[in-house]
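Novice: I'd like to go over a predicted model; first the sequence, then the structure.
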Amino acid sequence: MNLLHDIDWVLPWRSPGLTQAAFAVSWLGYATFIMFFMAVGYWVWNKEMFFRVMLLVTFSAVCNAFFKDLLQSPRPPLALRLDDLVGESYGMPSGHAQMAVTIWFWLAYEIRRRWAWLLASTVVVGVCLSRIYLGAHDPADVLGGMMLGAATLFLFAQIKDRQWFWQTRTIWSLMFVLLVTAATLAGWPNLAKPPNYVLMLAGWIVGGILGLRYENLALGFSAPTNWWRQIIAALVGILAFILLQKALKITGAALNPPAQAWEASKGLIISLFIAIAVPWLLARLRLVPSRRP
């Protein structure tokens with residue numbers, strides 16, 4: 001039996017309790033959790049750190065989709081899957097494994113504390129095992145995702161503190177993002193249609209760059225200084241974010257705009273909301289310190 005491509009050995013381990021636990025851990029790798037986690041971290045922990053996480057998540061998501069369409073490796077048989085959210089997408093590399101390595105090990109790298117590395121390692125192992133247990137991926141998919149995530153971290157750690165010409169001015173940063181997006185779409189493998197969220201992520205990065213730089217100039221907010229303000233600020237931000245998502249859904253249904261243009265617009269709106277609107281609201285409510293409350 002090839003353990004890298006066969007998950008029959010997992011079946012005897014399945015039980016109702018373990019299945020519920022696997023779904024709970026696996027949720028940490030889905031877009032909904034990642035989006036809210038990054039937003040809350042931006043508002044109540046460290047905005048610069050979580051801006052870097054946003055860059056990593058964006059790059060990782062596009063790379064994952066690119067390699068899935070390039071390799072076109074099938075997932076385990078449908079009869080063995082417990083997770084029905086993966087649709088018809090390919091298996092290699094595992095997006096959950098890649099994102100887990102990228103997000104949690106990067107945060108541990110930034111925090112540089114033993115507890116952070118232990119927490120990150122626990123989450124990464126749990127997410128990776130949950131994907132195999134649920135039949136969404138075989139071990140080869142998971143290992144591929146982990147290696148791609150590790151390569152992304154290594155590369156980002158080497159370049160994050162360098163001042164490339166496209167980092168020195170906002171206009172150059174925006175032009176670089178647009179150029180990379182255009183090249184990515186033009187070079188998508190196997191003549192496949194790139195997923196619409198590639199454009200959403202491009203809009204997300206553009207909004208993040210503009211939002212962070214404008215907010216630093218106009219507001220200069222920082223994370224709350226005590227735990228109860230952090231909790232209230234997080235709850236206020238989450239509620240506002242949920243309302244925004246509902247408003248975007250209603251607007252999209254009412255206007256029925258072209259899909260690609262709407263995805264890019266949504267990414268731009270969401271990132272500006274995270275970087276400008278919610279910090280302004282939290283400052284007005286005096287939940288976060290700022291230069292201009």
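Specialist: Good, I have the coordinates.
Novice: all contacts plus neighbour counts: C-alpha atoms, from now on.
Specialist: Noted.
Novice: and Leu55, how far from Gly207?
Specialist: Distance, Leu55 to Gly207, using Cα to Cα, to the nearest Å: 12 Å.
Novice: please read the previous query as pertaining to Ile242.
Specialist: 19 Å.
Novice: which of those two has more neighbours?
Specialist: Higher neighbour count among Ile242 and Gly207: Gly207, with 25 against 12, using other Cα atoms under 10 Å.
Novice: so who does that one touch?
Specialist: Residues in contact with Gly207 (Cα atoms under 8 Å, 6 or more residues apart in numbering) are 267-272.
Novice: closest to Leu201 among these?
Specialist: For the contacts of Gly207, the minimum distance to Leu201 (Cα to Cα) is 5.9 Å, reached by Gly267.
Novice: and the closest one, what does it touch?
Specialist: Counting by Cα under 8 Å, 6+ apart, Gly267 has contacts 199-205, 207.
Novice: state the helix or strand in which it lies.
Specialist: For Gly267, the host element (DSSP states H and E) is helix 259-272.
Novice: quick one: name whatever helix or strand follows that helix.
Specialist: Heading C-terminal from helix 259-272, the first helix or strand you meet, by DSSP H and E, is helix 278-284.
Novice: chain center to that following helix, what's the gap?
Specialist: 23 Å (Cα atoms, centre = their mean, to the nearest Å).
Novice: which residues touch that helix?
Specialist: Contacts of helix 278-284 (Cα under 8 Å, 6+ apart): 43, 219, 221, 233, 236-237, 240, 288-290, 293.
Novice: now those residues: which count as buried?
Specialist: For the contacts of helix 278-284, a burial check counting by 16 or more other Cα atoms under 10 Å picks out 43, 219, 221, 233, 236-237, 240, 288-290, 293.
Novice: inside helices: which ones of the residues you listed?
Specialist: Secondary structure from DSSP state H places 43, 233, 236-237, 240 of those in helices.
Novice: coming back round to it: and the buried ones among the contacts of Gly207, selectable in PyMOL?
Specialist: In PyMOL, the members of the contacts of Gly207 classed as buried (16+ other Cα under 10 Å) are selected with the following command:
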select buried, resi 267+268+269+270+271+272
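Novice: I am finished for the moment; much appreciated.
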